[in-house]
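> Sharing a sequence plus its predicted fold:
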Amino acid sequence: MQITRGLFAGITPAEGEIRSLYDRSGQPVLRDGVPVQSFGVHQRTPYVLEKFSPLDGYCIDVVAEPGAFDLPDPDTLVPDGQGGQRMANQPTVKFTARLIDPNNRTLATASYLKVINSLSSHQEGETLARGRLYEALGLPGASGEIEVATPAQPRAAPKAATASAVAIGSGTAHLPAKAKEILATAEAEALVPADAKEVPASSDTSSPSAAAAPVSAVPAASQPIPAAAPAATTDPEPSDTALNGDKLQPALVRQAIARARSKGVTLPAQFDSAEHLRVTYRELCSTRKSTPTTTTEEE
């Protein structure tokens, strides 16, 4: 991939600076059926320092202040008082990164609200705030946010030997069924393109759900966790094999299921083809609330 516009136009990440993203279950993160590649904060830093060199008087300042509210932490479970468990409400910190010029003027600013649940939370918050600042300057960190100048790659999952997984928090495999459903829905919402998401009539950009979506995975509390409660009865999940014999990508099927549940619609018991699955997922990402179409053709 290559950046084609803005201050960093012409930059093509070098080999080893790009890695594939994986979700909590170890599956590649997809956008529109294509695996997402990450251009990390540490890999982007040299490009920013080359453009805004400290030797020329520029600096990046990161300030931390207590968050205005607590947020549920999917990696830390506590008793719910009824014999079960729930996600713990954890304190938050707002990290604000600023780019300051030699005349002490703020050129750009970005912030990140981070759940504090480990010794490394502050360091992670500062790093994530710097990443947001880089994005504000025109140096995005994911392939879905960069205009691609090279031919599109085949829609296939990357080989394990050529992709390095990001850190995945422990303990999520033992979450209660309800918590797993919440996480699946949140991850599916995070993958929906920005222009396709539903916007409430009175949106609040500082709401807990908006701030919690990009929170990175951190180690869970090392306390014994009882077996998960039986999952509630839901609609049968679509088959992983299409009617025409196509093998469907499990990650995209799960995202389509989560999106359909959040919209209150029912998916077909078996998709006609892999293209049918992709078309259905795109329609679920739109603002319409009708049942996805069953046609397999796409203009």
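Cool, the structure landed. Numbering: from 1, shown residues only.
> Need the contact partners of stretch 108-118.
67, 71, 73, 75-76, 88, 90-99, 121-122, 124-125, 128-129, 131-133, 135-137, 211-212, 214-215, 218-219 (C-beta atoms under 8 Å, 6 or more residues apart in numbering). Heads up, the C-betas are built off the backbone N, CA and C, glycines and all.
> What would I type in ChimeraX if I wanted to highlight the buried members of those residues and nothing else?
Buried residues within the contacts of stretch 108-118, by 16 or more other C-beta atoms under 10 Å, are selected in ChimeraX with:
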select :67,71,73,75,76,88,90,92,93,94,95,96,97,98,99,121,124,125,128,129,131,132,133,135,137,211,212,215,218,219
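> Which of the contacts of stretch 108-118 fall in strands?
71, 73, 75-76, 88, 90, 92-99 (DSSP state E).
> Pick out the most distant pair among those residues.
The most widely separated members of the ones in strands among the contacts of stretch 108-118, counting by C-beta to C-beta, are Ala88 and Leu99 (35.1 Å).
> any idea how far Gly264 is from Arg254?
According to C-beta to C-beta, to the nearest Å, Gly264 stands 18 Å off from Arg254.
> The two: which has the busier surroundings?
More neighbours surround Arg254 than the other of Gly264 and Arg254, with 18 against 8 (other C-beta atoms under 10 Å).
> Quick one: classify that one as helix, strand or coil.
Secondary structure assignment for Arg254 (DSSP: H, G, I helix; E, B strand; the rest coil): helix.
> Distance of it relative to Pro102?
The value you get for Arg254 to Pro102, if C-beta to C-beta is used, is 50 Å.
> And Thr109, what's its pLDDT?
pLDDT for Thr109: 96.
> So what sits opposite it in the bridge?
Beta-bridge pairing of Thr109 under DSSP bridges involves Arg98.
> What is the neighbour count of it?
16.
> what does Glu65 give?
Around Glu65 there are 10 residues (other C-beta under 10 Å).
> That one: what's its closest spatial neighbour, skipping adjacent residues?
Of all residues not flanking Glu65 in the chain, Lys94 sits nearest, at 5.3 Å (C-beta to C-beta, 6 or more residues apart in numbering).
> For that neighbour, give its distance to Glu126.
With the distance defined as C-beta to C-beta, Lys94 ends up 11 Å from Glu126.
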